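Undergrad: okay, predicted coordinates and the sequence, questions at the end:
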Amino acid sequence: MPSLYNVSKELVKAGVNIFVICKIRPGLKDYEEIDGIKVYRVSWRAPFIRGYGYHQCLKMKELSREIDFDLVHGHNAESLLYAAVKSFFAKKKPYVVTVHGTLEEREHVPFKLAPRISLAERSNVVQFLGGISFCCHVANGVIAVSKRTAETLANAFRIPRRKIFVVHNGVDIDRFYPKRSSPIKAELGIEENARLILYVGHYKPGKGLKYLLAAAPRILKSFPNTKFLLVGSPIKPPAFDYVCERILRELTLQLRITDAVYFLRGVPHHRLLELYAASDVFVLPSLSEGFPKVVLEAMACGKPVIATNVGGVPEVIISGQSGIIVGPRDSQKLADAIIQVFSDSQLADKMGVQGRRIVEKYFTWEVTAKETIKVYEKILDSAH
C-alpha cells in the first residue's frame, strides 16, 4: 500500500518509531528496514481462519515482548483479528483504524455481468463491510480519508462522531511534478500533436469508464485527433477486472472509437509521471470514491482535472479553478468539460498551476503525517 509507506516515512521523519506488519510477497524478505520503517512480513495462509490476521497477531505478540508499543494503527479491515483480540482483552494497547473506503466505494458490483464471480465478489463485500464496522466500533479512534467517508461512517455505520477524525491522503510532490517531456506518445505510436485524455485506476463499473467512452464521439467530433489512455492497475487485478475490460472494449467497438482508445496494463508506478506529463487532461468519471490519490497525482503534475462530484473529490478540486467537477453518469457534461479545457489553453494552464499550489499547501504526505500525529496524541491522552 503506497499510502502506508509514504505516511510512515513522514512519521519516522517526525520522530515516531514505526513498525509495520504486512503480507509477505514472493521475493521479499521477512524483515527489512526501509527509510527508517521497520517492516515485518508475515504469511497470509493459515488453516480454517483468516491467515493474515492470525500471523499478524502472532508477530505483534512476539514484538511486544521486546518493544513497548504506545499504539496500534490498522488500515481498513486488515487488522480485524487484532480488533477482535482487543475487544476481549481491555488492557491491550489503544487502537486506531484508518478507513480508506466504505459501502459507497463497493456498491457498484454488477453481479449479473459475471455470475461465476459474483458469489465471491459478494462474499468479499460482506466480509469487508462487516470487518470495517467491527474494527471501527472497537477502535479508540477512526481516521476517515475524506469528510464524505466520515459522514458515511457516522450515519450508515453508527460510529460515534467523537471517535472519527478526517485525515486526507497525500501525494509525493517530489515524485509527481510538472514534467515537460515524455516518451509515451512515441512509444505508443501516437502523433505528437494529438490530445491525450488520461485515466488511471481499475476498470470496474464503479469507476464510470463507460460514461467517459460514451462521451468520446462528441469529443472526437470537436477534436478528431484525441486519444484516450485508460491505465489499469499496476499490480495483478482480480479476475473480475478483466471481465470489465472486455465489456469496455466491446463498447469501443459499438461506439466505433476503437482506434482512439488505449487500454494499458502493467504500467509500473514509477512510469506514471511520464503518463501524466504526456496528457492534456486527467479525467476521473467515478460513480463513487473515497479520496482518490490519482486526482492529487494529476494536480501535482500540473494537469487540469475533470472529475465527478463523488466522495472526497470536492474536498480537493475547486471547480473552475483547479479543475472541473461534473455530476456522475453524465456523459454530455463530461464531454462539455473536456471540450472546454481543450478549447482554452490559458484556462487549462491556469488550472494546472492552481492545482499544483493546492497540493503543495494542503495535500503533501508531510501534512498527512502531522494530522495523523495529532490523532495519536488525542487517543493517547484519552487512554491515560
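TA: Sure thing, it's come through.

Undergrad: how far off centre is the helix or strand hosting Gln254?
TA: Here Gln254 sits within helix 239-255, counting by DSSP states H and E. How far helix 239-255 lies from its chain's middle: 22 Å, per Cα atoms, centre = their mean, to the nearest Å.

Undergrad: go on, stretch 173-186?
TA: Relative to the centre of its chain, stretch 173-186 is centred 21 Å away, using Cα atoms, centre = their mean.

Undergrad: give me the domain ranges for the chain.
TA: Domain segmentation of the chain under automatic domain parsing yields 2-170+365-383, 184-362.

Undergrad: so how far is Ser233 from the nearest residue to Arg356 once chain neighbours are set aside?
TA: The shortest distance from Arg356 to any non-neighbouring residue, by Cβ to Cβ, 6 or more residues apart in numbering, is to Gly302 (4.9 Å). C-beta here means a position set from N, CA and C on the backbone, and glycine is covered the same way. Distance, Gly302 to Ser233, by Cβ to Cβ, to the nearest Å: 24 Å.

Undergrad: please apply the same query to Asp241.
TA: Separation of Asp241 from Ser233 (Cβ to Cβ): 7 Å.

Undergrad: between those two, what contacts are shared?
TA: Common contacts of Asp241 and Ser233 (Cβ atoms under 8 Å, 6 or more residues apart in numbering): His202.

Undergrad: hang on, the earlier thing: and Gly302 and Ser233? Which one has more around it.
TA: Of the pair Gly302 and Ser233, Gly302 is the one with more neighbours under other Cβ atoms under 10 Å, namely 23 against 16.

Undergrad: residues contacting the residue nearest to Arg356?
TA: 177-178, 352-353, 355-356.

Undergrad: let's verify it: helix, strand, or coil?
TA: Recorded secondary structure, Gly302: coil (DSSP: H, G, I helix; E, B strand; the rest coil).

Undergrad: I'd say Arg265 and Leu230 touch.
TA: No. The pair Arg265 / Leu230 is not scored as a contact, 9.5 Å apart, by Cβ atoms under 8 Å.

Undergrad: and the strands in this structure?
TA: Taking DSSP state E as the test, the strands found in the chain are 19-23, 31-34, 37-42, 72-75, 95-99, 141-144, 164-166, 195-200, 226-231, 261-264, 281-284, 305-308, 323-326.

Undergrad: identify all contacting residues around the third one.
TA: So the one you mean is strand 37-42. 5, 8-9, 12, 17-25, 28-33, 52, 55-56, 58-59, 63.

Undergrad: any low-confidence regions in the stretch 1-150 of the chain?
TA: 1, 44-53, 76-92, 102-131 (pLDDT under 70).

Undergrad: now the helices for the stretch 151-300 of the chain?
TA: Assigned by DSSP state H, counting those that start in this stretch, the stretch 151-300 of the chain shows helices spanning 184-188, 209-222, 239-255, 272-278, 293-300.

Undergrad: spit out the contact partners of Ala369.
TA: Ala369 touches 7, 10-11, 13-14, counting by Cβ under 8 Å, 6+ apart.

Undergrad: which among these gets closest to Ala150?
TA: Val7 (17.8 Å; Cβ to Cβ).

Undergrad: residue contacts, that closest one?
TA: Residues counted as contacts of Val7 (Cβ under 8 Å, 6+ apart) are 170, 365, 368-369, 372.

Undergrad: re the thing from before, His100: which of the helices of the stretch 151-300 of the chain is closest?
TA: Counting by Cβ to Cβ, His100 lies closest to helix 293-300 out of these; the figure is 9.8 Å.

Undergrad: that closest one packs against which elements?
TA: Judged by 3 or more Cβ pairs under 8 Å, 6 or more residues apart in numbering; DSSP states H and E, the packing partners of helix 293-300 are strand 195-200, helix 272-278, strand 281-284, strand 305-308, helix 345-362.

Undergrad: adding distance to Asp381, write those out as CSV.
TA: CSV is the format used below for the helices and strands packed on helix 293-300 (distance: least, Cβ to Cβ, whole Å):
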stretch, distance to Asp381
strand 195-200, 40
helix 272-278, 39
strand 281-284, 38
strand 305-308, 37
helix 345-362, 26
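
Undergrad: distance to Lys333 and pLDDT added to the contacts of Val7, as a markdown table?
TA: Shown next, in a markdown table, are those (distance: Cβ to Cβ, whole Å; pLDDT from 0 to 100):
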| residue | distance to Lys333 | pLDDT |
| --- | --- | --- |
| Gly170 | 29 | 96 |
| Trp365 | 33 | 97 |
| Thr368 | 32 | 97 |
| Ala369 | 37 | 97 |
| Thr372 | 36 | 98 |
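
Undergrad: and those residues as TSV, adding distance to Ala260?
TA: TSV is the format used below for these (distance: Cβ to Cβ, whole Å):
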residue	distance to Ala260
Gly170	34
Trp365	36
Thr368	37
Ala369	42
Thr372	42
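
Undergrad: ok, of those residues, which one's closest to Val99?
TA: Ranked by distance to Val99 (Cβ to Cβ), these are led by Thr372 at 13.6 Å.

Undergrad: could you check the pLDDT of the residue nearest to that closest one when sequence neighbours are not counted?
TA: Nearest non-adjacent residue to Thr372, counting by Cβ to Cβ, 6+ apart: Val167, 5.6 Å away. For Val167, the model assigns a pLDDT of 97.

Undergrad: much appreciated, bye for now.
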